[in-house]
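J.: Whatever this is, show me its structure:
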Amino acid sequence: MIKTAEEFLEKSDEKAFDLSHRKTINYNIGKYNVAVERGLSKFENLEASKKKAHVIKWRVMENLDKFLPEFESNFQRRGGKVIWANDAAEAQREILNIIKKNNGKSVIKSKSMTTEEIHLNEFLESNQIESLESDLGEYIVQLLGQPPYHIVTPAMHLSATDIAQLFHDKFGTPLDATPPQLVQKARELLREKYLTADIGISGGNFLIADTGSIALTENEGNARLSTTFPKIHIAIVGIEKVIPSMADLDLFWPLLAAHGTGQNLTVYNSILSGPRQPGETDGPEEMYVILLDNGRTNLLAQKDQRQGLYCIRCGACLNACPVYKNIGGHTYNTTYSGPIGSVITPHLKGMEEFKHLSYASSLCGKCSEVCPVKIDIHKMLLLNRRDAASGHENGKKEEMGWSMFNKMMQKRKWMDFFGGKFKNFMLKTFFKKSWGKYREMPQVADKSFARQWEELKKSKES
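T.: Residues are numbered from 1 along each chain as shown. The predicted structure is shown next:
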């Protein structure tokens, strides 16, 4: 077993029995469930909306080579600049070049999973450039030196008491400070950074092909400030985020808001179509969009699993997953955790190192049920397992074990070749640690059922 998988099992074991962690997560996801149930009830025909979204994303993925150049052409027409990045290192270099070209020393960031994916904060700090998160949840985990815990709610694993303690340690606020007081303190600390930052960096929820725009959705207003005040705005967006038309936001914005937070729409929804135009009073002097591949074309090449790229990052599958709710987001050791992370990460970062995530599922199907774009997530997990096995990614020991098991199960004489004592010895010796840590191991009878049946027949005949 490779190190990544070993660490995953160790952390899973630790978090699954951390009662304090479970209490916090259950409380926060419980609030989410109530809000989302109320939000989804506002759809007149939710199933039809999800099917329509699925078809639109299918059309995009089948014609990505047409929609991306269309976006690029329309964005450049309004003075924007497009950079194509094959991987994280290339994206980092391009961002650093832009910052250095403009003598930038400080960066203000809005919430973006793609910047987490390329480890942008750490990269900029290693090049003596201050990079500050402006989303409150991201700001909190940045202060802790942690990655986001959840796609939508970065600090979901923390209670109000935990955050009050953090702000007390960092800024001297009272230990009994209320959430509004903590928000006010964060606002005071961040407000000056918007005004003084040289570069603003964001992600993008959607790329709109027919207008050459990026769409941002948020609840705090920090993305608007991060993309408006600095002279330079850089948006880092995965190539799969493109949608055909501005009119499609009428469908995708409500789906994202309802499944992500239970809202009809998030509070702030922005459409940015390039740098400040003549006669406009705000906006950056220059705007760049970095179109990030970083393994996405690997997934696109998989006909059976490419629907993993339909994901709009609402986080619904994480909140529904019984595994995620027990082991938490940090255990996955990936940018994208939970069921959708388990589907896409082996293709983005390598099947050999991350195939174990596709086994971290009960296959209950709840993730597929709640997905707003109807990704068949639990089927994708099975297909990943198939690919890992057919590609001989499971290691020689595992392959030999399954080969022997397959041979024994197909022929009764091989199943009965070894007696019960030997089988019990094998279970206690080789499976006690992995299967028997929290459960009693099965006790195999000394004689097989077939032998017992034959002996019973003989005793009756005699």
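J.: can you give me the end-to-end distance of stretch 211-221?
T.: Using Cα to Cα, to the nearest Å, one end of stretch 211-221 lies 23 Å from the other.
J.: Quick check: phi and psi at residue 130.
T.: phi -70, psi 130 (degrees, to the nearest 10).
J.: Quickly note the distance from it to residue 193.
T.: Note on residue 130: its distance to residue 193, by Cβ to Cβ, to the nearest Å, is 9 Å. Every C-beta, even on glycine, is put in place using the N, C-alpha and C of the backbone.
J.: next one: residue 330
T.: Taken as Cβ to Cβ, the span from residue 330 to residue 193 is 27 Å.
J.: One more: residue 332?
T.: Between residue 332 and residue 193 the computed distance is 30 Å (Cβ to Cβ).
J.: Could you check which of these two is surrounded by more residues?
T.: Shown here are residue 332 and residue 193; by other Cβ atoms under 10 Å, residue 332 has more neighbours (24 against 18).
J.: my guess is the more buried one meets residue 8, correct?
T.: Yes - counting by Cβ atoms under 8 Å, residue 8 is a contact partner of residue 332 at 7.1 Å.
J.: list the contacts for residue 78?
T.: Neighbour list for residue 78: 212, 273-275, 277 [criterion: Cβ atoms under 8 Å, 6 or more residues apart in numbering].
J.: do residue 142 as well
T.: Counting by Cβ under 8 Å, 6+ apart, residue 142 makes contact with 121, 132-133.
J.: Model confidence score at the nearest residue to residue 179 once chain neighbours are set aside, please.
T.: Leaving aside its chain neighbours, residue 179 sits nearest to residue 160 (5.6 Å; criterion: Cβ to Cβ, 6 or more residues apart in numbering). The score at residue 160 is 92. That number is its pLDDT.
J.: State the number of residues packed around residue 160.
T.: 12.
J.: what kind of secondary structure is residue 90 in?
T.: Assigned by DSSP: H, G, I helix; E, B strand; the rest coil, the conformation of residue 90 is helix.
J.: Could you check how far it is from residue 236?
T.: Going from residue 90 to residue 236 by Cβ to Cβ gives 12 Å.
J.: Of the two, give the one with the bigger neighbour count.
T.: A direct count of neighbours by other Cβ under 10 Å for residue 90 and residue 236 places residue 236 higher, at 26 against 17.
J.: quick one, what contacts that one?
T.: Counting by Cβ under 8 Å, 6+ apart, residue 236 has contacts 91, 95, 112, 114-115, 118, 120, 201-204, 290, 292.
J.: let's go with 10 Å and repeat that
T.: By Cβ atoms under 10 Å, 6 or more residues apart in numbering, the residues touching residue 236 are 83, 85, 91, 94-95, 109, 112-115, 117-118, 120, 201-204, 288-292.
J.: State the distance from residue 119 to residue 125.
T.: Note on residue 119: its distance to residue 125, by Cβ to Cβ, is 10 Å.
J.: about what we covered before: is the residue nearest to residue 179 in contact with residue 183, as I believe?
T.: No - judged on Cβ atoms under 10 Å, residue 160 makes no contact with residue 183 at a distance of 11.1 Å.
J.: So for the two, which residues contact both of them?
T.: Common neighbours of residue 160 and residue 183 are listed as residue 177 (criterion: Cβ under 10 Å, 6+ apart).
J.: The helix or strand encompassing residue 107 - which strands sit beside it in the sheet, and in what orientation?
T.: Here residue 107 is covered by strand 106-109, with elements defined by DSSP states H and E. Strand pairing for strand 106-109, determined by DSSP bridges: strand 130-133 (parallel), strand 199-202 (parallel).
J.: Just name the most buried of these.
T.: Compared across the strands paired with strand 106-109, strand 199-202 shows the largest average neighbour count, a mean of 28 (mean count of other Cβ atoms under 10 Å).
J.: So what's the gap between the next helix or strand after that strand and the chain middle?
T.: Downstream of strand 199-202, the next assigned helix or strand under DSSP H and E is strand 206-208. Computed by Cα atoms, centre = their mean, to the nearest Å, the chain-centroid distance of strand 206-208 equals 19 Å.
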